[in-house]
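K.L.:
Mind folding the following:
(3 chains)
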Amino acid sequence: MLLLGGYTLAFYWAPEDADQGFSQKIFYLHVPIALTAYACFGWGAWKALRLLWTGDRRYDLESYTAVHMGVIFGLLTLVTGSIWAKISWGEWWTWGERQLVLFLILFLFYSSYFMLRYSTEAGPRRERNSAVYALFGVVLIPVSFLAVRIAGTILHPTVFTHEGANLPWQMLVCFLICLGGMLALAATLYRVELAGKRASVSLRELRELLA
Amino acid sequence: MIRARKLSKRFGDKRVIERLDLEVPRGGFVLVTGPNGSGKTTLLRLCAGLFAPTGGELEVDVPRGAIGFLAHEPLVYRELTPLENLDLYGRLYRLPERRERAGAMLERFGLWRVRNERAGTFSRGMLQRLALCRTFLHDPDLLLLDEPFDGLDVEGADLLHAELAERIGVTALVATHEPEALASRATARLAIA
Amino acid sequence: MSAYAGDVAALARKDLLLELRSRDTLPAMLLFVVSALTIFHFALPSGSSERAETGLLWIAIVFTALLGLSRAFAAEREQGLLDGLVLAPCDRSAIWLGKTIGVTLFLVLAEVVALPAFALFFHPLSWELVAAVALADIGIAAIGTLLAAIAAASRARELLLPLLFLPLAIPVVIGGVGASIAANPGTFLAFLGLYDAVFAILSWASFEYVVTE
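P.N.:
Okay, the predicted model is just below:
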């Protein structure tokens, strides 16, 4: 499993060859991270839906871990995006960059998810509330995307338009490999964290049985 | 009607109910006794469906609309009058002729004269009577009563006894500090430590 | 179907009756929004654009709504009354709908005062702004009611409600401000309608899970 994570790093050096400029490299890092974050949030929402549908409490930990992964990758998205912005336009932050703004909104939303979890007592109530909120999050993604898009036409002029999908095929292949590697990394981290959480829960339950 | 096997309820780290077995047959009248904090209220709330068990099994063969639950709090809106309160609950419980039923209930518990005064002005005893009206309003098949005599004066207690006497055959699970008052009706007792 | 509508009507009536008798939420909202608008006047240097002023109106609306929402389940919370409603055989989503209708009405009443005050203090209103406010009210009330129920289960409910609410309110502000100042308000108004529809359905469907164990 961890080997797959290693693959990701290995493949980052491959795109250098097909590259035309330093700023381009960030693209291979930033966009896969962003897409992986979306995938994590989607996965978390799916697990949340399963929790509400079946009432099986195992899904709570899975949903929580997925959202946690999503937030980590979301934070990385903001950081790499900020670096990209600095390199490209000399500013650490710009409201014209739609992805960045969207991720800021999502980052705020999912941070509130954690506030929700920390301030509610563990139990069925917290699990359901978290699940419902996770579902709201995944619905917020397209809604915010749309919102930021229409805001861009009037309020904050978009500074930079992404290159179209007419990438040369070498770049596309490299990009897909990076994406796959990033998703694998996320999946690995997810499994590791989930196992860790499950272990500590089992430990706690054992301790209580003995007490 | 109620069947519990190794029922457990835990709040965070606090274990309130631990592996409890309970069986209440149809028509049974079970008294639950125990010191404060022993889990009597939690047990009733589990049976009412307000809490979900954290362990074990619990089966209550009664639909929500046929349960009459008396909680520690009277569960009435203080800014509304008794009539308005019972009208609301009657509406939510889909009672036909809810106005008439509300009026009859208020009379039976001696609250008819204050039917148009805000519940916020009531004494503890009157609130308890109103809560009892709310509990019995829809003729429930299963009664879950948490300290029903709490706050009642002698007259109120008599009215409650009369009400229970009329409902022969109803199934009941009653948490109480004073089991002697209901001893004659009880078919079984459960002591929670 | 009509039983459901009857439940909703009874619950909404109950909330309005409670407010009429206790009079604690609506006057506070009215006073708050007018005070906020006054502070905004002093916060804006002279020569500020109309666009900036419009933006601040939307801020006032969002925070006034938060004030009202924090009181949304107050009676039920203080007296444990939510149990009484949850125990009833009616659909739990009816509780949400009844409460949302009440909250929307309070918001509208607050705006009946706020919007003329704004026109008086700052600049006249356009019909697009009013339409946007009306649409936004529905969305805010819909998610706010659900989030209030979520926050009620936590230890820090006064803190949690704004935290949960504000990220979700960002698209509403975008839609609202856009509709108020843009050349083509139709896009933004349509967006607000979409937001309302999507989040209202989601809130309606998930309320059951948030209010039971």
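
K.L.:
Pull the contacting residues for B:G37.
P.N.:
For B:G37, no contacting residues are found, by CB atoms under 8 Å, 6 or more residues apart in numbering or on different chains. To be clear about C-beta, it is placed using only N, CA and C from the backbone, and glycine gets the same treatment.

K.L.:
element containing it, please.
P.N.:
For B:G37, there is no enclosing helix or strand under DSSP states H and E.

K.L.:
How far off centre is the longest helix that chain A contains?
P.N.:
Scanning chain A for the longest helix, with DSSP state H as the assignment, gives helix A:169-210. Remark: helix A:169-210 is offset 13 Å from the chain centroid, using CA atoms, centre = their mean, to the nearest Å.

K.L.:
Distance check, C:A179 against C:A132.
P.N.:
4 Å (CB to CB, to the nearest Å).

K.L.:
A:G137: what's it in contact with?
P.N.:
With CB under 8 Å, 6+ apart, A:G137 has these contacts: A:41, A:44-45, A:67, A:106, A:109-110, A:113.

K.L.:
if we can go back for a sec, neighbour count: C:A179 and C:A132, which is higher?
P.N.:
Just comparing C:A179 and C:A132: by other CB atoms under 10 Å in any protein chain shown the higher neighbour count belongs to C:A179, 29 against 26.

K.L.:
pretty sure that one is touching C:L189, no?
P.N.:
Yes: in terms of CB atoms under 8 Å, C:A179 counts as a neighbour of C:L189; the distance is 5.1 Å.

K.L.:
For those two, list the residues in contact with both.
P.N.:
With CB under 8 Å, 6+ apart as the test, C:A179 and C:L189 both reach C:128, C:131-132.

K.L.:
Among those, show me the least confident.
P.N.:
In terms of pLDDT, the lowest of the shared contacts of C:A179 and C:L189 is C:E128, showing 90.

K.L.:
Verify the contact between that residue and C:S180 for me.
P.N.:
Yes: the criterion here is CB under 8 Å, and C:E128 meets it with C:S180 at 6.2 Å.

K.L.:
Figure out the helix or strand that the nearest residue to C:L105 once chain neighbours are set aside lives in.
P.N.:
The shortest distance from C:L105 to any non-neighbouring residue, by CB to CB, 6 or more residues apart in numbering or on different chains, is to C:L16 (7.0 Å). Counting by DSSP H and E, the element that carries C:L16 is helix C:2-22.

K.L.:
Only alpha carbons, please: show that helix as CSV.
P.N.:
The C-alpha trace of helix C:2-22 is given here as CSV (Å, rounded to 0.1, in the frame of the first residue of the first chain):
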residue,chain,number,x,y,z
SER,C,2,-53.6,17.2,4.0
ALA,C,3,-52.8,15.7,7.4
TYR,C,4,-49.2,16.8,6.7
ALA,C,5,-50.3,20.3,5.7
GLY,C,6,-52.4,20.5,8.8
ASP,C,7,-49.5,19.5,11.0
VAL,C,8,-47.3,22.1,9.4
ALA,C,9,-50.0,24.8,9.8
ALA,C,10,-50.5,23.9,13.4
LEU,C,11,-46.8,24.1,14.2
ALA,C,12,-46.3,27.4,12.3
ARG,C,13,-49.3,28.9,14.1
LYS,C,14,-47.8,27.7,17.4
ASP,C,15,-44.5,29.6,16.7
LEU,C,16,-46.3,32.8,15.6
LEU,C,17,-48.5,32.6,18.7
LEU,C,18,-45.5,32.1,20.9
GLU,C,19,-43.8,35.1,19.4
LEU,C,20,-46.9,37.2,19.7
ARG,C,21,-47.1,36.5,23.4
SER,C,22,-43.5,36.6,24.4
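
K.L.:
Report all helices and strands that that helix contacts.
P.N.:
helix B:82-92, helix C:92-121 (3 or more CB pairs under 8 Å, 6 or more residues apart in numbering or on different chains; DSSP states H and E).

K.L.:
And the contacts of it?
P.N.:
Against helix C:2-22 from outside (CB under 8 Å, 6+ apart): B:77, B:79-80, B:84, B:88, B:91-92, B:94, B:118, C:25-26, C:75, C:85, C:90-91, C:94-95, C:97-99, C:101-102, C:105-106.

K.L.:
tell me which parts of chain B are close to chain C?
P.N.:
B:48-52, B:63-65, B:67, B:69, B:71-80, B:84, B:88-89, B:91-94, B:118, B:134 (CB under 8 Å from any CB of the partner chain).

K.L.:
Drop anything exposed from those.
P.N.:
Buried by 16 or more other CB atoms under 10 Å in any protein chain shown: B:48-52, B:65, B:67, B:69, B:71, B:74-80, B:84, B:88-89, B:91-93, B:118, B:134, out of the residues of chain B next to chain C.

K.L.:
Nearest to chain A: which residue in chain B?
P.N.:
As assessed by CB to the nearest CB, chain A sits closest to B:A52 within chain B, at 4.7 Å.

K.L.:
residues touching the closest residue to that residue other than its chain neighbours, list them.
P.N.:
The shortest distance from B:A52 to any non-neighbouring residue, by CB to CB, 6+ apart, is to C:E213 (4.2 Å). The contact partners of C:E213, taken as CB under 8 Å, 6+ apart, are A:123-125, A:128, B:50-52.

K.L.:
Can you read off the backbone torsions of A:S111?
P.N.:
phi -60, psi -40 (degrees, to the nearest 10).

K.L.:
which residues of chain C fall in helices?
P.N.:
Going by DSSP H, chain C shows helices at C:2-22, C:25-43, C:50-70, C:74-78, C:81-87, C:92-121, C:127-152, C:157-181, C:185-211.

K.L.:
Report the residue spans of chain B with pLDDT below the cut-off.
P.N.:
Counting by pLDDT under 70, chain B contains low-confidence residues at B:193.

K.L.:
ditto for chain C
P.N.:
In chain C (pLDDT under 70), no residue qualifies.

K.L.:
cutoff 90 now
P.N.:
C:1-3, C:22-24, C:41-53, C:71-83, C:121-127, C:152-158, C:178, C:180-187, C:211-213 (pLDDT under 90).

K.L.:
got the residues of it near chain A?
P.N.:
Checking chain C against chain A by CB under 8 Å from any CB, the hits are C:143, C:146, C:150, C:153-156, C:159-160, C:163-164, C:166-168, C:170-171, C:174-175, C:177-178, C:181-183, C:187-188, C:191, C:194-195, C:198-199, C:202, C:206, C:209-210, C:212-213.

K.L.:
Stretch A:87-102 vs chain C: in contact?
P.N.:
No: no part of stretch A:87-102 sits near chain C under the criterion CB under 8 Å from any CB; the closest distance found is 9.5 Å.

K.L.:
What residues of that stretch count as buried?
P.N.:
A:94-102.

K.L.:
Could you point out the member of those residues that lies closest to chain B?
P.N.:
A:L102 (36.4 Å).

K.L.:
element containing the closest one?
P.N.:
helix A:98-119.

K.L.:
angle of that helix against helix C:127-152?
P.N.:
30 degrees (axes from the mean of the first three to the mean of the last three CA atoms, to 10 degrees).

K.L.:
Show me what helix A:98-119 is packed against.
P.N.:
helix A:22-54, helix A:58-89, helix A:124-154, helix C:157-181.

K.L.:
Those helices into TSV, with extra columns for distance to B:H177?
P.N.:
Converted to TSV, those look like this (distance: least, CB to CB, whole Å):
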stretch	distance to B:H177
helix A:22-54	39
helix A:58-89	38
helix A:124-154	29
helix C:157-181	32
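
K.L.:
Contact partners for the residue of chain A found nearest chain B?
P.N.:
Nearest residue of chain A to chain B (CB to the nearest CB) works out as A:P124 at 4.7 Å. Residues near A:P124 by CB under 8 Å, 6+ apart: A:57, B:52, B:54, C:213.
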